[in-house]
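Trainee: here are the coordinates; sequence isn't available:
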């Protein structure tokens, strides 16, 4: 049954998507993309996927948007010369025909789907009780397809290693990104003081509630990452040097706990990542907590970028919280 | 027309638009944006398939939905790495486009 809301969402989302591609300035394109992503969450709600809606809003729209806004500001100088390299009309026409054909093919696929769609929902429902969680999506992510989730953590870590390794040699081990300055009495600094406690509670709540209701470890971690980024962007805290030991520990604790539980399954159970039924829920929560810390730190540092400022040798292993200004010594 | 059809068609259109932007836009960040738009279309198609697999009291196939969440996170990681690469290229070379020594009639990329 088609709802008026569905039509509205598509009508609103269409010009935003076109603008993401066609806007003259990259900044405008990124803003359109963020608005597009937020409206897309309505589509995900209509598709009965609240967990995905949360993920799309937090990561797909919010975090990607911040990352690309920052990059577009730093690459603004390249805009004029790049625009001059516009491909020829012939190439554009060919690209248009190719894209239209692929979209038409996908649309034909959408229109000719088998009527009872293929589904694994019955088998998830049958075995969900053994995991101790009530939210089927969490059950799939943390138990039935835990291997995918673990590898995804490792992919995130590899992406961060990739970003860091782009630093010039002399800056290796330094602090990522520029030192942000903001008016200490401005709105940004005010929000950076007001929101983090609230965001922290909401983030941890999303993780905890995901056992039975829509939520999730990623979605919660993204909110934590956003709070940390807010503090850094308001100039209230600095990014930690990538050589910092506590940072490295935070980055590996999630995959390490996941791997340890997986190997434990091999030892005590019958397979890698097999949870003993009595402890399934407890193990899932332990994995999720470790994951939350790691994912939050990884996501924030992915946005912060490659090391760009060297750290003076005299202050090694300084935690970022009380690094500058507080001249206690 | 059901909502799944509408959003499925929308997903197909987003894939087409994103692909076009990725081929045509010379500005690297715009290509990353187009790639993300394409990705959002693919995820939406996956969501439509998951929704049509609603059974056993669930609103949709949870396996498809979980896959989408994993995909969104990996797409973000790819976006971050790609943006960092362009920023580094800009720092090192002073330009964010790949040098195109050939005459402009030779396609910039295919």
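Mentor: Received it, and whenever you're ready, just let me know what you need. Keep in mind that this is a model prediction, so the values were computed, not measured. Residues are numbered from 1 along each chain as shown, chains lettered A, B, ... in the order given.

Trainee: tell me which strands and helices the longest helix belonging to chain B is in contact with?
Mentor: The helix of greatest length in chain B, counted in residues with DSSP state H as the criterion, is given as helix B:62-93. Helix B:62-93 is packed against helix A:50-55, helix A:64-74, helix A:121-131, helix A:136-139, helix A:146-164, helix A:280-304, helix B:28-52, with contacts defined by 3 or more C-beta pairs under 8 Å, 6 or more residues apart in numbering or on different chains; DSSP states H and E. Using the backbone N, CA and C atoms, a C-beta is placed for each residue, glycine as well.

Trainee: Let's see that with 6 Å instead.
Mentor: helix A:50-55, helix A:64-74, helix A:136-139, helix A:146-164, helix B:28-52 (3 or more C-beta pairs under 6 Å, 6 or more residues apart in numbering or on different chains; DSSP states H and E).

Trainee: how near is the residue nearest the centre of chain A to residue A:260?
Mentor: The C-alpha lying nearest the average C-alpha coordinate of chain A belongs to residue A:59 (C-alpha atoms, centre = their mean; 3.8 Å). In this structure, residue A:59 lies at 26 Å from residue A:260, with C-beta to C-beta, to the nearest Å as the measure.

Trainee: What is the least confident helix or strand in chain A?
Mentor: Using mean pLDDT, DSSP states H and E, helix A:79-84 stands out as the lowest-scoring helix or strand of chain A, at a mean of 73.

Trainee: Buried residues in it, which are they?
Mentor: Taking 16 or more other C-beta atoms under 10 Å in any protein chain shown as the basis for neighbour counts, the residues of helix A:79-84 that come out buried are A:79, A:82.

Trainee: any idea how far that helix is from the chain center?
Mentor: Centroid separation between helix A:79-84 and its chain, computed with C-alpha atoms, centre = their mean, to the nearest Å, is 30 Å.

Trainee: could you point out which element follows it?
Mentor: On the C-terminal side of helix A:79-84, the nearest following helix or strand under DSSP states H and E is helix A:89-111.

Trainee: What lies in contact with that next one?
Mentor: Residues outside helix A:89-111 that contact it (C-beta atoms under 6 Å, 6 or more residues apart in numbering or on different chains) are B:8-9, B:12-13, B:15-16, B:19-20, B:23-24, B:107.

Trainee: Of these, keep whichever come out buried.
Mentor: B:8-9, B:12-13, B:15-16, B:19-20, B:23-24.

Trainee: farthest pair in those?
Mentor: When C-beta to C-beta is used, the two most widely separated members of these are B:8 and B:24, lying 25.0 Å apart.

Trainee: Looking at the buried ones among the contacts of helix A:89-111, which are in helices?
Mentor: B:8-9, B:12-13, B:15-16, B:19-20, B:23-24.

Trainee: quick one: which of those residues is nearest to residue A:142?
Mentor: Proximity of those to residue A:142 (C-beta to C-beta) peaks at residue B:8, which lies at 28.6 Å.

Trainee: dump the residue contacts of that closest one.
Mentor: Here residue B:8 is in contact with A:110, B:48 (C-beta under 6 Å, 6+ apart).

Trainee: now with 7 Å?
Mentor: For residue B:8, the residues meeting the contact criterion (C-beta atoms under 7 Å, 6 or more residues apart in numbering or on different chains) are A:110, B:45, B:48.

Trainee: Show me what residue of the stretch 151-300 of chain A gets nearest to chain B.
Mentor: Using C-beta to the nearest C-beta, the single residue of the stretch 151-300 of chain A nearest to chain B is residue A:159, 3.7 Å away.

Trainee: Spatially nearest residue to that residue (excluding sequence neighbours)?
Mentor: residue B:77 (3.7 Å; C-beta to C-beta, 6 or more residues apart in numbering or on different chains).

Trainee: Surely residue B:54 touches residue B:60?
Mentor: Yes: with contact defined as C-beta atoms under 7 Å, residue B:54 counts as touching residue B:60 (5.2 Å).

Trainee: who's more crowded, these two?
Mentor: Set side by side, residue B:54 and residue B:60 show unequal neighbour counts under other C-beta atoms under 10 Å in any protein chain shown, the larger going to residue B:60 at 26 against 18.

Trainee: low-scoring stretches of chain B, by residue?
Mentor: Applying pLDDT under 70 to the predicted model, the residue ranges of chain B that meet it are B:1, B:96-110.

Trainee: One more pass at 90, please.
Mentor: For chain B, applying pLDDT under 90 flags the ranges B:1-7, B:24-30, B:48-65, B:86-110.

Trainee: Quick check: nearest residue in space to residue A:257, chain neighbours excluded?
Mentor: Computed as C-beta to C-beta, 6+ apart, the closest residue to residue A:257 that is not its neighbour in sequence is residue A:290, at 3.7 Å.

Trainee: Many thanks, have a good one.
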